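Participant: curious how this folds, go ahead:
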Amino acid sequence: MLRFLFGLWYLTLFVVLTVTAGIICLLVSLFSRRLTRYITGQVWAYIVLVPAFIKVEVVSGLENLPDPKTGGYIFFANHRSLLDIPTLAKATGRNASWVAKAALGRIPIFGWALMRAHMLVERGGSAESARQMLSEAAARLKNGEIMAIFPEGTRNKTAEPILPFKKGAFIISKHTGAPLIPLAILNSGNLWPSGSYVPKPGLIRVAIGEPLVAEPGLSLIALSQKAHASMEKLYAQLEQAPPSGAPGQTKPDQTV
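Facilitator: Next comes the predicted model:
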């Protein structure tokens, strides 16, 4: 009964606040893209996490975050849960652009707000759409914007800590020279596993790694392998770090 009441309370609050934020974003986007990004980034992170009693702890690496005024870099993170996007926003305090499928932009109110704010629209799997995506991403990075990508390409539902990486983020980095900043997330898959309608209270832990740069002569495969190794190292550090005692953090993410 308590689980049912919590789910009813959370979903009601989540829907009401998300719709409200979406309407505000649509209005604000007419005169301030920066404020719109803040709402869809930081404010929406609180909408998702706080009512669920989920805390985000950055275990290490805050010193690796570039100056907020610098811009022009790419976050890449492991992916096990719907909580990962608001977790990244909350942990870093940065409002990044995400690659979003075109269907997401057709969701009334909230989807429209995302498209107007800072989402890169994925229009399909053709070579032409890939070139358009690369061109738009390069323009945004050169303009000082921040991007965030899940290089695994999908939510990890296996027992493997980190899935093999797809090449999109690394193509963009080599093309633009933008540094890559790894961000490992632990326990999000336990708190909101695939197939569950609502999250559980608990603690999500985050570690931020040192920036990686696509040095001249470094192949795409070598850059991808280097990034994967850095993510595995960060994830292992999170698993070994002493727990802070918050509920929900008793084991690493399991198969979901």
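Participant: excluding chain neighbours, what is closest to the residue nearest in space to the middle of the chain?
Facilitator: Residue closest to the mean C-alpha point of the chain, counted by CA atoms, centre = their mean, is residue 85 at 3.3 Å. Spatial nearest neighbour of residue 85, chain neighbours left out: residue 98 (6.9 Å); criterion: CB to CB, 6 or more residues apart in numbering. For the C-beta atoms, the positions are set from N, CA and C on the backbone; glycine is no exception.
Participant: tell me what the helix or strand hosting the residue nearest to the centre of the chain is packed against?
Facilitator: Assigned by DSSP states H and E, residue 85 belongs to helix 84-92. Packing partners of helix 84-92 (3 or more CB pairs under 8 Å, 6 or more residues apart in numbering; DSSP states H and E): helix 44-49, strand 54-60, strand 73-77, strand 180-186, strand 202-208.
Participant: and if we set it to 6 Å?
Facilitator: helix 44-49, strand 54-60 (3 or more CB pairs under 6 Å, 6 or more residues apart in numbering; DSSP states H and E).
Participant: I'd like those as a markdown table, with mean neighbour count appended.
Facilitator: A markdown table is the format used below for these (neighbours: other CB atoms under 10 Å):
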| stretch | mean neighbour count |
| --- | --- |
| helix 44-49 | 20 |
| strand 54-60 | 19 |
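Participant: to residue 27, which of the ones you listed lies closest?
Facilitator: Residue 27 lies closest to helix 44-49 among the helices and strands packed on helix 84-92, at 15.7 Å (CB to CB).
Participant: got a list of contacts for the closest one?
Facilitator: Residues from elsewhere that reach helix 44-49 (CB atoms under 6 Å, 6 or more residues apart in numbering): 17, 21, 86, 89, 90.
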